[in-house]
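1. Sequence unavailable; structure follows:
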């Protein structure tokens with residue numbers, strides 16, 4: 001049975017309303033063929049809506065996957081303004097490296113670059129905005145986890161987390177959940193109630 005099919009029995013990571021009010025499901029007015037399996041419907045205004053059950057399942061899957069790696073060997077990249085704060089908070093909480101803002105070319109491929117890093121897994125906030133990092137991750141042969149919107153091409157992303165990757169609240173929600181779930185997977189957090197930060201804490205300011 002697929003993980004997303006089990007969610008009906010075990011419930012979502014957060015109430016459905018939390019996903020909906022955060023706009024996690026709000027896609028774009030363009031879609032890529034790659035993202036078709038994650039699209040729930042098309043609204044009358046032409047906006048593609050993502051399936052939050054699949055988003056929820058992939059957040060669980062991504063957390064399990066990322067938790068397997070030594071914390072310092074996880075590299076999170078967020079060029080988009082609204083992704084930078086939640087990415088930094090995620091990195092601080094789980095011990096991952098974070099590149100927020102412009103990604104310096106050669107970071108993964110050129111040992112002469114001051115920012116040079118040798119991660120074992122790359123996590124991109126948007127495969128389009130973070131394409132330089134994505135390209136370098138491909139070059140060095142490390143797996144890539146990506147937050148992917150309805151219009152993203154995903155051929156170089158190994159584990160897709162379908163979500164609105166442009167909205168402030170959506171990015172805060174997904175990163176907040178990933179933080180909580182990674183810590184739970186590692187055994188560093190016993191229950192959801194023990195996780196003190198809120199989605200508000202993860203949301204970038206205007």
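-> Received it, and whenever you're ready, just let me know what you need. All values derive from a computational prediction rather than experimental measurement.
2. what pairs with the most centrally placed residue in the chain across the strands?
-> The central residue of the chain, meaning the one whose C-alpha is nearest the mean C-alpha position (CA atoms, centre = their mean), is residue 147 at 3.9 Å. Beta bridges link residue 147 to residue 161 when assigned by DSSP bridges.
3. what residues are up against it?
-> Applying CB atoms under 8 Å, 6 or more residues apart in numbering to residue 147 gives the contacts 83, 124, 125, 126, 161, 163, 165, 171, 174. (Glycine included, C-beta is placed from N, CA and C.)
4. Could you provide the residues you listed in JSON lines, with additional columns for pLDDT and distance to residue 41?
-> Formatted as JSON lines, those follow (pLDDT from 0 to 100; distance: CB to CB, whole Å):
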{"residue": "83", "pLDDT": "97", "distance to residue 41": "26"}
{"residue": "124", "pLDDT": "98", "distance to residue 41": "26"}
{"residue": "125", "pLDDT": "98", "distance to residue 41": "25"}
{"residue": "126", "pLDDT": "97", "distance to residue 41": "23"}
{"residue": "161", "pLDDT": "98", "distance to residue 41": "19"}
{"residue": "163", "pLDDT": "98", "distance to residue 41": "16"}
{"residue": "165", "pLDDT": "97", "distance to residue 41": "19"}
{"residue": "171", "pLDDT": "98", "distance to residue 41": "22"}
{"residue": "174", "pLDDT": "98", "distance to residue 41": "20"}
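5. Which of the three states applies to residue 201?
-> Reducing the assignment to helix, strand or coil with DSSP: H, G, I helix; E, B strand; the rest coil, the entry for residue 201 is helix.
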